[in-house]
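**Student:** After the sequence you'll find the predicted model.
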Protein chains: 2
Amino acid sequence: MPTPDTKLLQGTLDMLILKALSLGPLHGYGIGQRIVQMSDDVLRVEEGSLYPALYRIERQGWITSEWGVSENNLRAKFYKLTRAGRKQLQVEEENWGRLADAVFKVMRTA
Amino acid sequence: MPTPDTKLLQGTLDMLILKALSLGPLHGYGIGQRIVQMSDDVLRVEEGSLYPALYRIERQGWITSEWGVSENNLRAKFYKLTRAGRKQLQVEEENWGRLADAVFKVMRTA
DNA sequence: ATAAACTACCTTGACAATCTAGGTAGTCTC
DNA sequence: GAGACTACCTAGATTGTCAAGGTAGTTTAT
């Protein structure tokens, strides 16, 4: 198990989850792993953040869930991006880009 | 007065304040303005966030304060970066870079 | 003179996101 | 049958930010 050394950038978790799901349906546990992996072990997602985030996002209608069986033969809840979720991902992506660029610009100020 | 349309990326305020002060001492009100200006009106700092942040940062020993008079002839508390603050700015800068890069990497994932 | 706009500070209360730290239960390997 | 791993969940505390209020002094325009 990778043990990344840093906490998540606040406010980006929802976006990262949506992004992970944009690559295909996945259960909660797997989403956490996929994010760690996609970020090359820099970003970690604690379960205490992950599951509440999933409920929050589902309540918004951006993902749907369905119980199933994992690759390891365990019961698992699979999440899938909705059309609205795909749209939301775009919005958050643009927002993040704008903000991150602004921060970078400030940091580059002589 | 510029009215930027977005909230601050959480966790970056301290860094932005330190950065603003790295360009020279400044009073609280001015720090807020400098950040708005450095970010081309994308980042806004609410006073309800700014002043508590300044106390927090001063408590850490990264800045010191001194009462003085502003350019407009009003009493104002001027903040100055300490040596420790300059070092902290570096640390936060590296951290931010690493995290932001990781997020960008995730978002670019096919 | 006096109102309006701006500078500069401050505080309170609420809210949202995250983490820590616990827990359950099933599977697989040794 | 012990230990590691998968997979879910929750409660409580902490933290950062914001919204919305407030005080007081200065400047500009009327």
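**Tutor:** On my side now, so go ahead. Computed from a predicted model, the values in this text were never measured in an experiment.
**Student:** Spit out the contact partners of the nearest residue to residue A:51 once chain neighbours are set aside.
**Tutor:** Spatially, and ignoring its direct neighbours in sequence, residue A:51 is nearest to residue A:28 (6.2 Å; CB to CB, 6 or more residues apart in numbering or on different chains). C-betas here are computed from N, CA, C, even on glycine. For residue A:28, the contact set (CB atoms under 8 Å, 6 or more residues apart in numbering or on different chains) comprises A:50, A:51, A:54, A:76, A:77, A:79.
**Student:** Can you tell me the element the last one falls in?
**Tutor:** Following DSSP states H and E, the helix or strand that holds residue A:79 is strand A:75-81.
**Student:** State the pLDDT value of the residue minimising distance to the centre of chain A.
**Tutor:** Centroid-nearest residue in chain A: residue A:17, 1.7 Å away (criterion: CA atoms, centre = their mean). What the model reports as pLDDT for residue A:17 is 98.
**Student:** That one: which element?
**Tutor:** helix A:13-22.
**Student:** wait, does the strand holding residue A:79 make contact with DNA strand D?
**Tutor:** Yes - interface with DNA strand D: strand A:75-81 contributes A:75, A:76, A:77, A:78 (CB under 7 Å from any atom of the strand).
**Student:** For the first one, the count of nearby residues, please.
**Tutor:** Other residues lying near residue A:75 total 9 when counted by other CB atoms under 10 Å in any protein chain shown.
**Student:** likewise the third one?
**Tutor:** The local packing count at residue A:77 equals 15, with neighbours defined by other CB under 10 Å.
**Student:** Find the nearest non-adjacent residue to residue A:57, please.
**Tutor:** Using CB to CB, 6+ apart, the nearest residue to residue A:57 is residue A:63, at 5.3 Å.
**Student:** so what's that neighbour up against?
**Tutor:** Contacts of residue A:63 (CB under 8 Å, 6+ apart): A:17, A:18, A:21, A:54, A:57, A:79, A:80, A:81, A:82, A:85.
**Student:** Can you flag the buried ones in those?
**Tutor:** Listed as buried from the contacts of residue A:63 are A:17, A:18, A:21, A:54, A:57, A:79, A:81, A:82, A:85; burial here means 16 or more other CB atoms under 10 Å in any protein chain shown.
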